[in-house]
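1. how would this look folded up:
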Amino acid sequence: MTDGFRTRDLRDHNAALYQLSYGHRDIARSAAGEIDILAPPARGLQRRPFGIRSPRAAIVGRMTDTPSRLARRLTTSDAVVVGLGAMVGAGVFAALQPAAAAAGSGLLVALAAAGAVAFANATSSASLAALYPEAGGTYVYGGRRLGHAWGFLAGWAFVVGKTASCAAMALTFGSYAAPGLARPLAVAAVVALTAVNLLGVTRTALATRVLLALVLAALAFTVVAGLAGTPDPAGLSPAAATGGAPGVLQAAGFLFFAFAGFARIATLGEEVEDPARTIPRAIPLALGLALAVYAVVAGTALLAVGPERLAASEAPLVDVVEAGPLAGGAWVVRTGAAVAALSVLLSLIAGVGRTTFAMAANGDLPRALGAVHPHRRVPHRAELVVGAAVCALLLAADVRGAIGFSSFGVLAYYAIANASAWTLSDAERGRPRWLPAFGVVGCAALALSLPAASVAWGAAVLLAGALVPLVRGAARARRARGGRR
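-> Okay, here's the model as predicted:
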């Protein structure tokens, strides 16, 4: 071989790449000559530019035929809890105030709109996850159905947007727990929860169960306290709605931030038992439970304090409790808010880490990030890098700006998921084709309704990400032409 690069070196290099997908045992088999890891990849795995691929050619195999690179330990209830842990809390404690400011009593209409878009996204994600049970979510789906560049763009939107979400949730925790020490506590929370994820996904699910139970208890107390006072039906009156249709859409965009947690279930494709049944059942179930919780809490808040006070409050659910006879229990809500932020942060770090792992395993990020811990079988390097990136963002992060930017990125992510589901056959999708089409349109409408700064920054970052595969493709083409001379 030329340039002093020996055949054994090439075999060792490819063995390392094969390890990212199929583990250590096959490395030994390759070294013994029992398998050929130098064979070209399957046709369905080859990269394509920004062109829609043939749905049939893109399918590599069903869930039960796809090897898992990570340990399959999670049941349906575990997956539902992980999804609820990622959803319940973020919307109530972080997005309720800006949503009320945008729509007033139209908040409940906005909640329904956000839930409808989220349902379309959930069904698309479930159908795609049933075909591609791999870590990475829409990064994998977009690449298989629409071409590699679209998959890269989805992964980019998810990683960047959710990293901003991690910073926002960490700061929310610090602000509620100890306002004067918000940033140091936020950094400490990121470090601690990254360590929890490194211990293995089973312990992550257990920790999420505990946190979710505490959050639901705090929200139940909020509802009881709010209704124990003097609820005013005028808070639900259409006359108290503000902003018109644009205001409702913007409020729905903020509230969608609360529903994005079901993506965490989709990224567990390689870690759930019987994923062909588990993921399609867990995603809609978690979404429906979260929507019910949000509707009860939001309705109680509007009845207890009205949309104007809700929109002006820095801690709206604390105001709900303090407006009634159980004001002395406001500490319960503050504690619940801090715990909710931890619950969401726990799921976010794990989800971003696994998408980073999938992108690294495919060469879209440094391959060193695609390593799997030999004993715990978790993507430890990706988790550590995500934790470090969030800690860096905490030095200059703004909570409101981070939420807006994250919402834009997540909506772009799901627009690609819906477009990918649109290419499925009726049997593969299991839902009418108009549903993913509605998801694409809904995601675009909510994203463009967000504050102008969030739209501008989000579009700029996504455009920068979209250029990466094009630039890399052009570079490969130049190298190929040079090699033929």
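2. Could you use CA atoms for every contact and neighbour count after this?
-> Fine.
3. where does Ala282 sit relative to Val80, distance-wise?
-> Relative to Val80, Ala282 is positioned 5 Å away (CA to CA, to the nearest Å).
4. ugh, wrong one, I meant Leu199
-> For Leu199, the distance to Val80 - CA to CA - is 20 Å.
5. of the two, who's got more company?
-> Under the criterion of other CA atoms under 10 Å, the comparison of Leu199 against Val80 puts Val80 first, with 27 against 15.
6. Under the pLDDT cut-off, which ranges of the stretch 301-450 of the chain? List them.
-> Under the criterion pLDDT under 70, the flagged ranges of the stretch 301-450 of the chain are 397.
7. 90 instead?
-> 306-319, 323-324, 330, 333-383, 389, 392-407, 425-432 (pLDDT under 90).
8. Likewise for the stretch 1-150 of the chain?
-> Those would be 1-99, 101, 105, 119, 122-123, 125-141, 143, 147-149, if you go by pLDDT under 90 across the stretch 1-150 of the chain.
9. mind redoing it with 50?
-> Counting by pLDDT under 50, the ranges of the stretch 1-150 of the chain that qualify are 1-65.
10. just checking, Gly229 touches Val320?
-> No - in this structure Gly229 lies outside contact range of Val320 using CA atoms under 8 Å: 9.2 Å.
11. mind listing the helices for the stretch 151-300 of the chain?
-> 182-198, 201-228, 244-259, 263-266, 275-312 (DSSP state H, counting those that start in this stretch).
12. buried residues in the last one?
-> Applying a neighbour-count criterion of 16 or more other CA atoms under 10 Å, the buried positions in helix 275-312 are 275-276, 278-288, 290-291, 293-295, 297-311.
13. now the angle from that helix to helix 201-228?
-> 40 degrees (axes from the mean of the first three to the mean of the last three CA atoms, to 10 degrees).
14. Mind giving me the packing neighbours of helix 275-312?
-> helix 76-87, helix 96-103, helix 107-131, helix 201-228, helix 263-266, helix 316-322 (3 or more CA pairs under 8 Å, 6 or more residues apart in numbering; DSSP states H and E).
15. give the contact list for Gly143.
-> Arg47, Ala149, Trp150, Gly151, Phe152 (CA atoms under 8 Å, 6 or more residues apart in numbering).
16. need the contact list for the third one.
-> By that I understand Trp150. Phe50, Tyr139, Gly142, Gly143, Ile416, Ala466.
17. How is the chain divided into domains?
-> 1-41, 76-474 (automatic domain parsing).
18. Dump these to TSV, plus distance to Ala480.
-> Formatted as TSV, the domains of the chain follow (distance: least, CA to CA, whole Å):
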stretch	distance to Ala480
domain 1-41	16
domain 76-474	10
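19. Please identify the most buried of those domains.
-> Mean neighbours per residue, mean count of other CA atoms under 10 Å, is largest over the domains of the chain for domain 76-474, with a mean of 22.
20. end-to-end on that domain?
-> 44 Å.
21. Against Thr242, how distant is Ala251?
-> 11 Å.
22. which residues are in contact with both of the two?
-> In contact with both Ala251 and Thr242: Ala102, Ala103, using CA under 8 Å, 6+ apart.
23. what's across from the closest residue in space to Glu308 that isn't next to it in sequence in the sheet?
-> Leaving aside its sequence neighbours, Glu308 sits nearest to Gly104 (CA to CA, 6 or more residues apart in numbering; 6.9 Å). Beta-bridge partners for Gly104, by DSSP bridges, are Ala241.
24. which residues touch Gly104?
-> Ala240, Ala241, Thr242, Gly243, Pro307, Glu308, Ala311.
25. what sits in contact with each of Gly229 and Val320?
-> The contact lists of Gly229 and Val320 share Ala304, where a contact means CA under 8 Å, 6+ apart.
26. Grab the nearest non-local neighbour of Ser347.
-> Per CA to CA, 6+ apart, closest to Ser347 is Ala86, 5.4 Å.
27. check contacts around the one you found.
-> Ala260, Gly261, Phe262, Arg264, Ser343, Val344, Leu345, Leu346, Ser347, Leu348 are the contacts of Ala86 under CA under 8 Å, 6+ apart.
28. out of the residues you listed, who's nearest Arg433?
-> Nearest to Arg433 among the contacts of Ala86: Phe262, at 21.0 Å, using CA to CA.
29. And the pLDDT for that closest one?
-> At Phe262, the model reports a pLDDT of 68.
30. Distance check, the closest residue to Asp398 other than its chain neighbours against Gly351.
-> Excluding the flanking residues, the one nearest Asp398 by CA to CA, 6+ apart is Ala168, at 7.3 Å. According to CA to CA, Ala168 stands 16 Å off from Gly351.
31. sorry, back to before: residues shared between the contacts of Ala282 and Val80?
-> Ile265.
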